[in-house]
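*Asks:* Quick one: sequence plus predicted model below, questions after.
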Amino acid sequence: MSIEAKTVDESRVETVHIVRPNHLNGANRLFGGILMQWIDEVAGIVAKRHSMCNVTTASVDNLTFLQGAYQNEMVVIKGKMTWVGSSSMEVCVDTYVENHLGARNRINNAHFMMVALDENDRPVKVPRLILQTEDEHLAWAHGEERRRIRIQRKKDKLDGI
């Protein structure tokens, strides 16, 4: 069964992790590699929900560490679809530390380019994205600009720049 289009909300994901001693680096903060694994998993789940098939991470843009997380803190990771092409999808992932009152402080932001794959690991067409809010339209426009920059960077690399 093929679905023509989906809303942003249909693939939205939120996960929560407790920072444990085995997640810490030498400075007693959450190891960046652990966080990268967690956010890549969230991006993959968002893309799988949207495309309804297997996906792979093609690239990561703007992985920005704003501040650390520490032992016993709750880390909340939220992912949402921001842009789709033919087989590629951009997923925005924001990471927060949540305190005991439920207040959240953003500590990381990333944009993942995911590609939908068929059973032979070939790119496959994905549903269009239905934009319902001003924020979703703005996120799409920003995704278009990031796509343009990615294409230019790839061209520059091929040209030896």
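*Replies:* Received the coordinates, thanks. Bear in mind that the values here come from a model prediction, so they are computed numbers and not experimental data.
*Asks:* tell me which element residue 141 falls in.
*Replies:* Residue 141 belongs to helix 134-158 when assigned by DSSP states H and E.
*Asks:* From the rest of the structure, what touches that helix?
*Replies:* Helix 134-158 is contacted from outside by 8, 59, 61-62, 80, 82-83, 85, 90, 92, 111, 113, 129, 131, using CB atoms under 8 Å, 6 or more residues apart in numbering. For glycine as for every other residue, the C-beta is placed from the backbone atoms N, C-alpha and C.
*Asks:* out of those, what pair is the most spread apart?
*Replies:* 59 and 131 (22.7 Å; CB to CB).
*Asks:* Next, count neighbours for residue 33.
*Replies:* 10 (other CB atoms under 10 Å).
*Asks:* swap that for residue 8, sorry
*Replies:* 21.
*Asks:* what does residue 148 give?
*Replies:* Residue 148, neighbours per other CB under 10 Å, totals 10.
*Asks:* what do you get for residue 31?
*Replies:* Using other CB under 10 Å, residue 31 has 17 neighbouring residues.
*Asks:* begin at 27 from here
*Replies:* Sure thing, new numbering starts at 27, so read that last one as residue 57.
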